[in-house]
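> heads up, no residue letters with this:
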(Lines give C-alpha, C1' and ligand atoms only; values in the text may rest on other atoms or scores of the structure.)
Protein backbone atom coordinates (compact mmCIF):
# COMPACT_ATOMS: atom_id res chain seq x y z
CA UNK A 1 0.00 0.00 0.00
CA UNK A 2 2.95 2.32 0.54
CA UNK A 3 3.79 2.02 -3.15
CA UNK A 4 0.31 3.33 -3.89
CA UNK A 5 1.15 6.50 -1.97
CA UNK A 6 4.46 6.84 -3.81
CA UNK A 7 2.70 6.35 -7.14
CA UNK A 8 0.09 8.99 -6.34
CA UNK A 9 2.65 11.47 -5.04
CA UNK A 10 5.04 10.86 -7.92
CA UNK A 11 2.38 11.20 -10.60
CA UNK A 12 1.04 14.34 -8.94
CA UNK A 13 4.50 15.88 -8.95
CA UNK A 14 5.10 14.85 -12.56
CA UNK A 15 1.80 16.41 -13.67
CA UNK A 16 2.63 19.56 -11.71
CA UNK A 17 6.09 19.77 -13.21
CA UNK A 18 5.15 19.07 -16.81
CA UNK A 19 1.70 20.64 -17.13
CA UNK A 20 1.05 23.15 -14.35
CA UNK A 21 4.43 24.73 -13.64
CA UNK A 22 5.06 26.06 -17.17
CA UNK A 23 1.69 27.86 -17.07
CA UNK A 24 2.51 29.80 -13.89
CA UNK A 25 4.88 32.64 -14.70
CA UNK A 26 6.76 33.07 -11.42
CA UNK A 27 7.50 29.32 -11.20
CA UNK A 28 9.49 29.34 -14.45
CA UNK A 29 12.86 29.14 -12.71
CA UNK A 30 11.97 26.54 -10.09
CA UNK A 31 13.98 23.32 -9.81
CA UNK A 32 12.88 19.77 -10.63
CA UNK A 33 10.25 19.19 -7.94
CA UNK A 34 10.80 15.44 -7.95
CA UNK A 35 14.19 16.11 -6.36
CA UNK A 36 12.31 16.98 -3.17
CA UNK A 37 10.49 13.67 -3.21
CA UNK A 38 13.73 11.79 -3.89
CA UNK A 39 15.32 13.65 -0.96
CA UNK A 40 12.42 12.57 1.23
CA UNK A 41 12.79 8.97 0.07
CA UNK A 42 16.54 9.05 0.62
CA UNK A 43 16.22 10.44 4.13
CA UNK A 44 13.21 8.64 5.54
CA UNK A 45 12.30 5.50 3.57
CA UNK A 46 14.04 2.09 3.32
CA UNK A 47 16.57 1.74 0.51
CA UNK A 48 14.68 -1.01 -1.33
CA UNK A 49 11.48 1.02 -1.37
CA UNK A 50 13.27 4.20 -2.45
CA UNK A 51 15.20 2.50 -5.26
CA UNK A 52 12.06 1.08 -6.86
CA UNK A 53 10.30 4.44 -6.72
CA UNK A 54 13.19 6.49 -8.13
CA UNK A 55 13.81 4.06 -10.97
CA UNK A 56 10.17 4.33 -12.06
CA UNK A 57 9.93 8.10 -11.55
CA UNK A 58 13.25 8.67 -13.28
CA UNK A 59 12.19 6.61 -16.28
CA UNK A 60 8.88 8.50 -16.56
CA UNK A 61 10.58 11.89 -16.30
CA UNK A 62 13.23 10.90 -18.83
CA UNK A 63 10.50 9.77 -21.20
CA UNK A 64 8.53 13.01 -20.84
CA UNK A 65 11.40 15.47 -20.91
CA UNK A 66 13.16 16.73 -23.96
CA UNK A 67 16.55 16.44 -22.30
CA UNK A 68 19.16 13.72 -22.56
CA UNK A 69 17.69 10.34 -21.68
CA UNK A 70 18.89 9.14 -18.31
CA UNK A 71 19.55 12.58 -16.83
CA UNK A 72 16.70 12.41 -14.33
CA UNK A 73 17.23 8.78 -13.40
CA UNK A 74 20.96 9.34 -12.91
CA UNK A 75 20.33 12.45 -10.83
CA UNK A 76 17.79 10.70 -8.63
CA UNK A 77 20.05 7.67 -8.18
CA UNK A 78 23.11 9.73 -7.18
CA UNK A 79 21.07 11.94 -4.87
CA UNK A 80 19.67 8.85 -3.17
CA UNK A 81 23.17 7.40 -2.71
CA UNK A 82 24.59 10.69 -1.39
CA UNK A 83 21.77 11.09 1.11
CA UNK A 84 22.07 7.47 2.27
CA UNK A 85 25.80 8.01 2.89
CA UNK A 86 25.19 11.28 4.72
CA UNK A 87 22.55 9.68 6.95
CA UNK A 88 25.21 7.29 8.22
CA UNK A 89 26.80 10.28 9.95
CA UNK A 90 23.84 12.61 10.52
CA UNK A 91 20.39 11.72 11.76
CA UNK A 92 17.71 12.14 9.04
CA UNK A 93 15.71 14.42 11.34
CA UNK A 94 18.61 16.88 11.42
CA UNK A 95 17.09 20.19 10.31
CA UNK A 96 20.25 21.34 8.53
CA UNK A 97 20.32 18.11 6.53
CA UNK A 98 16.69 18.57 5.47
CA UNK A 99 17.46 22.16 4.55
CA UNK A 100 20.44 21.31 2.31
CA UNK A 101 19.27 17.94 0.90
CA UNK A 102 17.26 19.49 -1.94
CA UNK A 103 20.04 21.98 -2.66
CA UNK A 104 22.46 19.08 -3.03
CA UNK A 105 20.05 17.49 -5.50
CA UNK A 106 19.82 20.67 -7.57
CA UNK A 107 23.61 20.96 -7.66
CA UNK A 108 23.93 17.31 -8.71
CA UNK A 109 21.33 17.67 -11.47
CA UNK A 110 22.81 20.88 -12.87
CA UNK A 111 26.33 19.44 -12.63
CA UNK A 112 25.28 16.33 -14.55
CA UNK A 113 23.50 18.43 -17.17
CA UNK A 114 26.46 20.77 -17.73
CA UNK A 115 28.93 17.87 -17.66
CA UNK A 116 26.89 15.94 -20.20
CA UNK A 117 26.58 18.98 -22.45
CA UNK A 118 30.34 19.55 -22.28
CA UNK A 119 31.02 15.87 -22.91
CA UNK A 120 28.78 15.81 -25.97
CA UNK A 121 30.14 19.20 -27.07
CA UNK A 122 26.62 20.57 -27.35
CA UNK A 123 27.41 23.59 -25.21
CA UNK A 124 27.99 26.10 -28.00
CA UNK A 125 26.93 29.08 -25.92
CA UNK A 126 28.05 30.93 -22.82
CA UNK A 127 27.82 29.36 -19.39
CA UNK A 128 26.48 32.63 -17.91
CA UNK A 129 22.75 31.91 -18.55
CA UNK A 130 23.19 28.35 -17.29
CA UNK A 131 24.91 29.64 -14.16
CA UNK A 132 22.09 32.15 -13.59
CA UNK A 133 19.42 29.45 -14.03
CA UNK A 134 21.30 27.09 -11.71
CA UNK A 135 21.59 29.77 -9.03
CA UNK A 136 17.88 30.59 -9.32
CA UNK A 137 17.04 26.90 -8.92
CA UNK A 138 19.36 26.67 -5.93
CA UNK A 139 17.67 29.66 -4.26
CA UNK A 140 14.26 28.07 -4.86
CA UNK A 141 15.54 24.78 -3.43
CA UNK A 142 16.95 26.38 -0.30
CA UNK A 143 13.76 28.39 0.17
CA UNK A 144 11.18 25.66 -0.38
CA UNK A 145 12.96 22.30 -0.12
CA UNK A 146 12.86 22.03 3.67
CA UNK A 147 9.14 22.77 3.75
CA UNK A 148 8.31 20.24 1.06
CA UNK A 149 10.44 17.45 2.57
CA UNK A 150 8.71 18.08 5.90
CA UNK A 151 5.32 18.04 4.15
CA UNK A 152 6.07 14.69 2.47
CA UNK A 153 7.21 13.26 5.81
CA UNK A 154 3.95 14.40 7.39
CA UNK A 155 1.88 12.88 4.55
CA UNK A 156 3.76 9.59 4.96
CA UNK A 157 2.98 9.54 8.69
CA UNK A 158 -0.71 10.21 8.03
CA UNK A 159 -0.73 7.42 5.41
CA UNK A 160 0.95 4.98 7.82
CA UNK A 161 -1.53 5.86 10.57
CA UNK A 162 -4.43 5.39 8.14
CA UNK A 163 -3.14 1.96 7.12
CA UNK A 164 -2.60 0.92 10.73
CA UNK A 165 -6.10 1.96 11.75
CA UNK A 166 -8.10 0.54 8.84
CA UNK A 167 -6.04 -2.32 7.41
CA UNK A 168 -4.04 -3.85 10.26
CA UNK A 169 -6.13 -6.15 12.40
CA UNK A 170 -5.19 -6.98 15.95
CA UNK A 171 -5.01 -10.64 16.85
CA UNK A 172 -7.40 -11.68 19.53
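Cool, the structure landed. The shown structure was predicted, so the numbers you read here are calculated from the model rather than taken from an experiment. Numbers count the residues shown, from 1 in each chain.
> from now on I want contacts and neighbour counts done on CA atoms only, so please keep to that.
Will do.
> tell me the centre residue of this structure?
The centroid of the chain falls nearest to residue 35 when counting by CA atoms, centre = their mean (1.6 Å).
> and the helix or strand bottoming out on mean pLDDT in the chain, how far out from the chain's middle?
Across the helices and strands of the chain, mean confidence by mean pLDDT, DSSP states H and E is lowest for helix 95-119: a mean of 86. Its chain's C-alpha centre lies 10 Å from the corresponding centre of helix 95-119 when counted by CA atoms, centre = their mean, to the nearest Å.
> and that helix, what does it pack onto?
helix 34-44, helix 71-86, helix 128-166 (3 or more CA pairs under 8 Å, 6 or more residues apart in numbering; DSSP states H and E).
> and the end-to-end length of stretch 41-55?
Distance between the two ends of stretch 41-55: 12 Å, counting by CA to CA, to the nearest Å.
> again, but for stretch 84-99
For stretch 84-99, the end-to-end distance is 16 Å (CA to CA).
> residues of it that come out buried?
Of the residues in stretch 84-99, 84, 86-87, 92, 97-99 count as buried by neighbour count, 16 or more other CA atoms under 10 Å.
> which of those residues lies closest to residue 31?
Nearest to residue 31 among the buried residues of stretch 84-99, counting by CA to CA, is residue 99 at 14.8 Å.
> residues in contact with the closest residue to residue 141 other than its chain neighbours?
Of all residues not flanking residue 141 in the chain, residue 103 sits nearest, at 5.3 Å (CA to CA, 6 or more residues apart in numbering). Shown in contact with residue 103 (CA atoms under 8 Å, 6 or more residues apart in numbering): 138, 141-142, 145.
> let me see the contact set for residue 50.
Applying CA under 8 Å, 6+ apart, the residues near residue 50 are 38, 41-42, 80.
> distance check, it against residue 56.
The value you get for residue 50 to residue 56, if CA to CA is used, is 10 Å.
> residue ranges in this structure under the pLDDT threshold?
Applying pLDDT under 70 to the chain flags residues 122-126, 169-172.
> ok, now with 50
Scanning the chain with the threshold set as pLDDT under 50 gives 172.
> and residue 46, how far from residue 52?
Distance from residue 46 to residue 52, by CA to CA: 10 Å.
> please apply the same query to residue 164.
Residue 164 is 23 Å from residue 52, by CA to CA.
> tell me how far the closest residue to residue 109 other than its chain neighbours lies from residue 93.
Counting by CA to CA, 6+ apart, residue 109 lies nearest to residue 75, which is 5.4 Å off, once chain neighbours are set aside. Note on residue 75: its distance to residue 93, by CA to CA, is 23 Å.
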